[in-house]
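A.B. asks: Pasted the sequence and its predicted model underneath.
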Amino acid sequence: MTVEPSFATEPMSNGLTLRLNGRWTIGAPGLERNADALLAAARARRAVVLDLSGLEAMDTAGAWLIDRTREAVTKAGGQCALEGGRPEYEILLGAAHYRDFEKPREPHGSPLVTVLTHVGKAVVSVVDDLFAGIAFLGQIITALLRILFKPARLRTTSVVFHLDAFALRALPIIALINFLVGCIVAQQGIFQLQRFGAATFAVDLIGILVLRELAVLLTSIMVAGRSGSAITAEIGAMKMREEIDALRVMGLDPVEVLVVPRFLALLIALPLLTFVADMAAISGGLLVGWIYGGISPEIFLSRLQNAIALNTFLVGLIKAPFMAAAIALISAVEGFAVQGSAESLGKRVTGSVVKSIFMVIVVDGLFAMFFAAIKY
Amino acid sequence: MTDAPPAIAAEPRIAIRVRGLNVGFGARLILRGLDLDVMRGEVLGFVGGSGTGKSVLTRAILGLVKKRAGQIEVFGQDLDALSARERQGVERRCGVLFQQGALFSGLTVLQNVQAPMREYLDLSQPLMDELARLKIAMVGLAPEAADKFPSQLSGGMIKRAALARALALDPDILFLDEPTSGLDPIGAAEFDELIATLQKTLGLTVFMVTHDLGSLYSICDRIAALAECKVIATGTVAQMLDSEHPWVRSYFHGKRARQLTPPSPAP
């Protein structure tokens, strides 16, 4: 049913008559090409008549393009008349008359300047992040102190709710990945140490590596991806929908209402999850040692007892609350930094996960240096 | 619509035809056996109490919520019988103004208006820019607004920008979900006038969900009232004022309604 827009040219005594045919609508094929041809035909003529009587349909796009031709002729000092149009076309041509939209200015400098600008902005944003993080930590601490002096202010329900989400619901996946990593470390340990006839030392390797580093690191990374992103997305969505502002005008402190419960829940959840991760990884090691390395559970456990002491276990566990604090802090800061658009929410959630994981590894490195220095 | 373009006049006079529509969520039926006709080229005002399913009906016609039973025809084409491709063709002829605007928050107003053009048409970027700026000017937004993001706009500007996007492809049917809610009376009157002008010039069919009695009196050709899960009355303003149905009576003769006088020569 679409008829291509077209026009026929007829010479007049002192100019041209252009008879328009077909459908001059935005969806018609070849609208732009024909409109450009119309403009080219009419340009620089002294007198032009645009005959609209053959038009089948016109919409705002068609009206705009037809009026563009009229405008071009008039501007060049010629005369242009529109004839034969239905009354509603006149209203349409009036509503969609041609006008010059000033071209948006293009803010392009040299590429070098652009690159340097981006680098500079990135550096400044890192410093800003640092200050924002410290300021936010201060807010959380003041909120915690307020709660300490008035424990009724603590939102216990919220803490329990988030504990359920962060700890209980994360349990299966945390246990599973740590079990698998325990298996892998055991397999590699036995395989590599067999050559020296020291396969049973794989137990020492598993015990120390898992308890000191791997379990807490893997759990923290998983929690950063799982719960950190959730915190950022929740707070960010509330920010977008002005819910945070609503809390503020009710005289409630968003940090106290939203951040403190999540902060505390994560602080409790991560050590618990780390303990589960320890157990899961060691059982994975035990299983692989038994099946693949022929180390019976009795031997495994007795070797393990010799290899590790309470401090091996505690080194891992002590790190967990610090990791939790870093994750909660970063995800809350990012959540509050969300602006109006969906794009910014996505960016902030990504940023929150990336920064949390990065901080988790940095904190782990700092602890490694610290424990080495105190020979613990 | 005697002055409608000939190619379109060959199509049926009914733009939207709904028969025996059932829509429900869970155990609750929101719409039960709903019948509705929207004539080509008319402005149909759709009224009903809050939560009676006005938006649900709009969404069902647009295919955004699943219907349990019934038939919906748009331009004489049964939506269930269409292939995905044909359905897209019908959707292209519908422009929708959502209640909250539903502008893409990551795009500027200009890019928002261009989004449907980019998707469906093969136009050059300069022409798309010009047409989008034309639409933005037509809905009464300042040219500077084109390069702003939705989060930088006021409520009224969002409505206008969303209308510009709804009109981007010069649709045949325009769905408006409470277009004047949240606008000041002057802005609302301008908005009504704008819709009336567009409807006259483009031969649009307008399906308007509204609570604004001013819009109902000033631009609606016909009004349909939704209550008890179906359309209980349709007709002109005058017919609605004479209706015996208790809900319609209380709607049009209530305290708020009496403060507004219907147009003296009843259409």
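C.D. replies: All right, it came through fine. Numbers count the residues shown, from 1 in each chain, chains lettered A, B, ... in the order given.
A.B. asks: Count the neighbours of whatever residue of the stretch 101-250 of chain B ends up closest to chain A for me.
C.D. replies: Nearest residue of the stretch 101-250 of chain B to chain A: B:Ser151, at 2.4 Å (Cβ to the nearest Cβ). Any C-beta I mention is one placed from the backbone N, CA and C, and that applies to glycine too. Per other Cβ atoms under 10 Å in any protein chain shown, the neighbour tally for B:Ser151 reads 14.
A.B. asks: correct me, but it touches A:Gln339?
C.D. replies: Yes: using Cβ atoms under 8 Å, B:Ser151 is in contact with A:Gln339, at 6.5 Å.
A.B. asks: circling back: just give the closest residue to the residue of the stretch 101-250 of chain B closest to chain A, not the sequence neighbours.
C.D. replies: Excluding its sequence neighbours, the residue lying closest to B:Ser151 (Cβ to Cβ, 6 or more residues apart in numbering or on different chains) is A:Gly340, at 2.4 Å.
A.B. asks: I'd guess the one you found is in a helix, am I close?
C.D. replies: No: assessed with DSSP: H, G, I helix; E, B strand; the rest coil, A:Gly340 is coil; it does not lie in a helix.
A.B. asks: Tell me the residues of the stretch 1-150 of chain A that contact chain B?
C.D. replies: Within reach of chain B by Cβ under 8 Å from any Cβ of the partner chain, the stretch 1-150 of chain A has these residues: A:1, A:3, A:23, A:25-27, A:31-32, A:56-57, A:59-61, A:64, A:86-88, A:91-92, A:95-96, A:99, A:101-102, A:104.
A.B. asks: Return the members of these classed as buried.
C.D. replies: Buried residues within those, counting neighbours by 16 or more other Cβ atoms under 10 Å in any protein chain shown: A:23, A:25-27, A:31-32, A:56-57, A:59-61, A:64, A:88, A:91-92, A:95-96.
A.B. asks: where in the chain is pLDDT low?
C.D. replies: No chain was given, so I picked chain A. Within chain A, the stretches with pLDDT under 70 are A:1-2, A:102-108.
A.B. asks: try chain B instead
C.D. replies: B:1-12, B:256-267.
A.B. asks: Show me what from it comes close to chain A.
C.D. replies: For chain B, the residues found near chain A under the criterion Cβ under 8 Å from any Cβ are B:3, B:5-8, B:92, B:104-106, B:117, B:120-121, B:123-124, B:127, B:129-131, B:133-135, B:137-138, B:143, B:147, B:149-152, B:167, B:169-170, B:197-198, B:200-203.
A.B. asks: Kindly give a single PyMOL line that selects the buried subset of these.
C.D. replies: Entered in PyMOL, the line below selects the buried ones among the residues of chain B next to chain A, by 16+ other Cβ under 10 Å:
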select buried, chain B and resi 5+8+92+104+105+106+117+120+121+123+127+129+130+131+133+134+135+137+138+149+150+167+169+170+197+198+200+201+202+203
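A.B. asks: Would you report the backbone torsion angles of residue 51?
C.D. replies: With no chain named, the answer covers chain A. A:Asp51 adopts backbone torsions of phi -100, psi 110, taken as degrees, to the nearest 10.
A.B. asks: if you could check chain B rather than the one you did, that'd help
C.D. replies: The phi/psi pair for B:Gly51 (degrees, to the nearest 10) is phi 80, psi 10.
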